[in-house]
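In: Sequence first, then the predicted structure:
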Amino acid sequence: MMPMVTTSGLFFSLVPLIVFFPVIGLLINIIFGGRMGEKVVGTIASLAAGAAFVVSALLAYSLAMHPETVIVPFAEWIHIGALQIDWAFRVDTLSVTMMLVVSGVGTLIHIYAIGYMHEDVRFKGDVSRYRRFFVFLNLFIAMMMILVSGDSYMMLFVGWEGVGLCSFLLIGFWYDMDTLGRPSFANANAAKKAFIANRVGDFGFVIAGLIIFWAFGSFQFDQVFAKVPEIAAAMPWVIVAVTLLMLVGVAGKSAQIPLFVWLPDAMAGPTPVSALIHAATMVTAGVYLIVRSAPLYSVNHSVQYFVATLGAATALFAATIAAGQYDIKKVLAYSTISQLGFMVAAAGMGAYTAAIFHLATHAFFKALLFLDAGSIILGMERGHHHLVHGHGDPHDAGAGTHNAEVFDPGDMRNMGGLRDKMKVSYWLYLIGALALAGIFPLAGFWSKDEILLEASRNYPHVYWMLIIAAFFTAFYMGRQVWMVFFGKPRTEVAAHAEESPKIMTVPLMVLASLSVLGGLLNMATILGFTLPGSHLLAEWLGHSLGEAEAGELNLIVAGLSTVFALLAIYFSWLIYGRKSIETGQLDPLKKPLGPVFFGMENKWFIDEAYQFLFINPYRSISKFLADKVDWAFWHDWFHDRVIAGGYNWITTILLDQYVDQRGIDALANGLGTGTKRLSTVMRAWQNGLVRTYALTVLVGVIVILGYLILK
Amino acid sequence: MVPVSYYLAISGILFTLGAMGVLIRRNALVIFMSIELMLNAGNLAFVAFARMHNTFSGQLFVFFVMTVAAAEVAVGLALIVAIFRTKNSINVDQMSSLKG
Amino acid sequence: MTLDMIVFLVLAAVAVASAIGMLLSRNAIYAALYLVMNFMSVAIFYLLLGAPFIALSQVTVYAGAIMVLFLFVVMLLGTEALVPTGVLPYQRNTAFVLGGLLVVEIGYWIWRGAMTGLIPLPSSELNSMESVQAMSKMLFSQYLLPFEVTSVLLLVAMIGAIILTIRQKGERG
């Protein structure tokens, strides 16, 4: 066992607060939120997240002083025989890194959401949901913290399920509307889809957990990892099974092939949700799981090969789809899937530091991009509001219900030329886009480059898939920037778009600066020069993950990726930027690429395939079971005829007619009538005639005499 | 000597005849007479037993029975006369007011 | 067959015949007279049984007083044969059956008693005049209370008879 908290002056014992600060925040909001205003609710939630960040920073500081892993036991949970599951917090460099990312980006998103939900809520015309949103957000932070700070697979799974639940709650936040505000179940369906796809993944995870307990005898990380060599020698199939089944869970949570389908639909949720959960934190839980289980994955090279290939395939696949999407958030969603593919590929290849590095930088710039996209959408909505209701105050209540005409503020084909109208959003978006594309010296360049380097060394096919995916990444981000910000406004709405308030743009600026400077987290060795402060993350994570490779800047790899990215941006400019797209014009790639673009546009029909292969048969089976088995057989026949009919038969016919009427009633009535008849008979005795009485007396005498004789 | 059992037999026969008279006849007076016959038969049995046991108790009892019978006849006949005054008949079959 | 037995048998026949005659006669007067004859024969039975006092009191009280009363009332109330009503059609047959049964039972008792020797032949010393004295001695010493009660009974009967038949002034006839 790792040493307990003995070092004084350090803050390890504060670690439960990373969970409980958000919990306290959400409890305060639940109980008192109704009486306080919007701003107070949002502030409390942001403070809770910020407090968690402060604690994480303190833990980071403590670890810097004392880099060995510290386990802080918190509560006993299940103690049944051999099964001993406790809630203990694991403070090691990997988990603290995750904590910092989650709470840091989370706090910024909370602050952004105060402004975003204020406008979004008003436009949808419902103020009472504001508080609920922040409660859910805090709940999510708490669950994510449980996930990353857990000391055993069981606690990780608790957090895993918890973030799945919060994802469901938040995606389906506007559960009675679709994304354009019309009454529908579209959002609820998207939430269901997310939950079910996650569930499929969780199924794999659970089986893996059961196998772990069966083989290793414990869920606790250290105990499991200690026995890995022994199990790998005795029962190698256990390791393979566990890792592959956990990969199923990762495919669900981190949106890899084949379970990624929920993530684009999850864009139905409010934009802060997309930023927090589906870009920066929840979807990275899968990557965290793989990195945490490094001892399990490192043992078997075939598994690693498979994981890396899967990640690379996902990256490429999603990138092609992203290039054909028209909705601003959908592009970013597929981009997230693609980048997650990068991370999973890195983790699969054993480059755990690279994976975590990319996780962190991706959190920065993807959150920035999503929040900025939200800002743009709101800007479009403000323009639309201006047009529809004249130049009044766009914050009139009840404005949202007037969206009678179908106007999608997120469709890039309705935008254009927003560079002039929304300057701040434009510059920040540009920074995010360049970071994502991997342009030197922004953060994305360094992290992506490390992954590519690792791939180029050992897994060439992965390398080529990733580099092509990087090409597409730069391409679609360029396409997006040209379509949204450049050219002429394609609709009146775009012409009237307005900039967002400071409460939304300031967190964006913080994220933008992190996107710029993020590369410093793990600066590589450039040309043989190791600058002071390089390899920070690698060394940091090395305390938890064992050996960590030091990244170096291989000129060939870096150069090739930069060339590809610039080429992609140039192509996108050629197609989308040089000549601005007109209103209603088809996408310029439609004709040249023809059917390929058709496939990209329609997400390669994966959703339709799933619908055909899984959903429809499932629906018909359940319909069959419901209609035929449950209703027709069980209800109609069995219940109504057998049970109810039988019961009715028993009561009305058997018991009522036979037993009650003919039996008991006959008995009772018969008693009466019998008595009557008897008395009628006996009444004949009382005929009032003396002679009869005399006869009776004589009969009595004779009887008595006879008795005496016979005695 | 005549065995006492013969007297008892006669007594029994007379008693039975009196009982049948009570049952058969409808004339109230004749019924009454049959009752007297029965009482008489009982007296005979008493005296026979007195003779058998050589005591006077039986005869004394007969004495009392006779007295009681006389009183009873007086009252009974008065009753019959009274009934005759209301019903104008001495047919016991017509005196069924206690019917039911 | 001694004289006693002959007398007994004759008297028994007379008694039974007169009883049957009383039963069967339609005329109430005839029935009463038959009954008188029956009483007389029973009185002679008493004599045969050595109870002269009882015999004579039988004649005096029963045949003399009671039957005279009967005859008075019969004449008062009319002697017509009663019209047979249809009531109780089974009465006669049942009565005969029951009578037969009763006779059988009584006969059985007597026979059993005779067989077991419970009924011995009487001794002959009691046939003397002193029996009356002895009887009266017993009557007025041992049976005094019943004697007095009987006198009360007679008084009550007298009063009862008068009350039952008295006609109030203005009462309907």
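Out: Sure, I can see it.
In: What are the phi and psi values at residue A:486?
Out: phi -100, psi 170 (degrees, to the nearest 10).
In: How about the contacts made by it?
Out: Contacts for residue A:486 (CB atoms under 8 Å, 6 or more residues apart in numbering or on different chains) come out as A:416-417, A:419, A:577, A:580. Placement of C-beta: from N, CA and C, glycine included.
In: quick one: the helices in chain B?
Out: B:4-24, B:28-53, B:57-87 (DSSP state H).
In: what's the least confident helix or strand in chain C, going by average pLDDT?
Out: Within chain C, no helix or strand scores below helix C:130-141, which has a mean of 81 by mean pLDDT, DSSP states H and E.
In: Please find the angle between the direction vectors of it and helix B:57-87.
Out: 70 degrees (axes from the mean of the first three to the mean of the last three CA atoms, to 10 degrees).
In: I'd like the distance from helix C:130-141 to the chain centre, please.
Out: 23 Å (CA atoms, centre = their mean, to the nearest Å).
In: quick revisit: could you dump the helices of chain B to JSON lines with mean pLDDT and distance to residue C:72?
Out: Listed next are these as JSON lines, based on pLDDT from 0 to 100; distance: least, CB to CB, whole Å:
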{"stretch": "helix B:4-24", "mean pLDDT": "91", "distance to residue C:72": "20"}
{"stretch": "helix B:28-53", "mean pLDDT": "91", "distance to residue C:72": "11"}
{"stretch": "helix B:57-87", "mean pLDDT": "90", "distance to residue C:72": "8"}
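In: nearest to residue A:61, of the ones you listed?
Out: Proximity to residue A:61 (CB to CB) singles out helix B:4-24 among those, at 131.3 Å.
In: Check which residues of the closest one are buried.
Out: Within helix B:4-24, the residues that count as buried by 16 or more other CB atoms under 10 Å in any protein chain shown are B:4-24.
In: related to what we said a few turns ago, just the contacts of residue A:486 now: which is nearest chain C?
Out: Among the contacts of residue A:486, residue A:416 lies closest to chain C (CB to the nearest CB), at 127.8 Å.
In: contacting residues around that closest one?
Out: A:483-484, A:486-491, A:494, A:580-581.
In: buried subset of these?
Out: Counted by 16+ other CB under 10 Å, the contacts of residue A:416 give A:483-484, A:486-487, A:489-491, A:494, A:580-581 as buried.
In: For the residues you listed, work out which two are farthest apart.
Out: A:486 and A:491 (15.1 Å).
In: one step back: is the least confident helix or strand of chain C anywhere near chain B?
Out: Yes: using CB under 8 Å from any CB of the partner chain, helix C:130-141 reaches chain B at C:131, C:134-135, C:138-139.
In: Which of those ranks first by neighbour count?
Out: Neighbour counts for these, by other CB atoms under 10 Å in any protein chain shown, peak at residue C:135, which reaches 22 neighbours.
In: so that residue makes contact with residue B:61?
Out: No: look at residue C:135 against residue B:61 with CB atoms under 8 Å: they stay out of range, at 11.3 Å.
In: Now do the host helix or strand of residue A:432: distance to the chain's middle.
Out: Using DSSP states H and E, residue A:432 sits in helix A:423-437. In terms of CA atoms, centre = their mean, the centre of helix A:423-437 is set 26 Å apart from its chain centre.
In: Buried residues in the first helix or strand past that helix going along the chain, which are they?
Out: Going down the chain from helix A:423-437, the next helix or strand is helix A:443-458, by DSSP H and E. By neighbour count on 16+ other CB under 10 Å, the buried set for helix A:443-458 is A:443-456.
In: what's the answer for stretch A:502-513, then?
Out: Those buried within stretch A:502-513 under the rule 16+ other CB under 10 Å are A:503-505, A:507-512.
In: Just give me the longest helix of chain C.
Out: Max-length helix for chain C by DSSP H is helix C:91-115.
In: Now do the same for that helix: mean pLDDT, whole number.
Out: For helix C:91-115, mean pLDDT is 86.
In: about what we covered before: just checking, what packs against the least confident helix or strand of chain C?
Out: If contacts are counted by 3 or more CB pairs under 8 Å, 6 or more residues apart in numbering or on different chains; DSSP states H and E, helix C:130-141 sits against helix B:57-87, helix C:52-57.
In: hmm, back to that, between the buried ones among the contacts of residue A:416, which is nearest chain B?
Out: residue A:491 (111.7 Å).
In: helices or strands next to the helix holding residue A:432 in the packing?
Out: helix A:352-389, helix A:418-421, helix A:443-458, helix A:460-485, helix A:502-517, helix A:555-572.
In: for the ones you listed, which one sits closest to chain B?
Out: Nearest of the helices and strands packed on helix A:423-437 (CB to the nearest CB): helix A:352-389, 103.5 Å.
In: Distance from the chain centre to the closest one, please.
Out: That offset, for helix A:352-389, works out to 18 Å (CA atoms, centre = their mean).
In: how about that helix: buried residues?
Out: A:352-386.
In: do the same with stretch A:198-218
Out: A:198, A:200-202, A:204-209, A:211-213, A:215-216, A:218.
In: Among those, name the ones in helices.
Out: A:198, A:200-202, A:204-209, A:211-213, A:215-216.
In: Chain B: which of the buried residues of stretch A:198-218 is nearest?
Out: For those, the nearest to chain B is residue A:206 (91.5 Å; CB to the nearest CB).
In: Which residue comes closest to that closest one once chain neighbours are left out?
Out: Spatially, and ignoring its direct neighbours in sequence, residue A:206 is nearest to residue A:157 (7.5 Å; CB to CB, 6 or more residues apart in numbering or on different chains).
In: Could you count how many residues lie near the one you found?
Out: For residue A:157, using other CB under 10 Å, the count is 21.
In: of all the contacts of residue A:416, which two lie farthest apart?
Out: Counting by CB to CB, the most remote pair of the contacts of residue A:416 is A:486 and A:491, 15.1 Å apart.
In: Let me see the contact set for residue 99.
Out: With no chain named, the answer covers chain A. A:18, A:52, A:56, A:59, A:145, A:148-149.
In: switch to chain B, that's the one I care about
Out: A:686-689.
In: before we move on, what SS does the nearest residue to residue A:381 once chain neighbours are set aside have?
Out: In space, residue A:381 comes closest to residue A:409 once its chain neighbours are excluded; the distance is 4.9 Å by CB to CB, 6+ apart. The three-state label given to residue A:409 by DSSP: H, G, I helix; E, B strand; the rest coil is coil.
In: Run a quick neighbour tally on residue A:409.
Out: Residue A:409 has 25 nearby residues by other CB under 10 Å.
In: May I see the contacts of residue A:486 arranged in JSON lines, with pLDDT as well?
Out: Shown next, in JSON lines, are these (pLDDT from 0 to 100):
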{"residue": "A:416", "pLDDT": "80"}
{"residue": "A:417", "pLDDT": "80"}
{"residue": "A:419", "pLDDT": "83"}
{"residue": "A:577", "pLDDT": "74"}
{"residue": "A:580", "pLDDT": "69"}
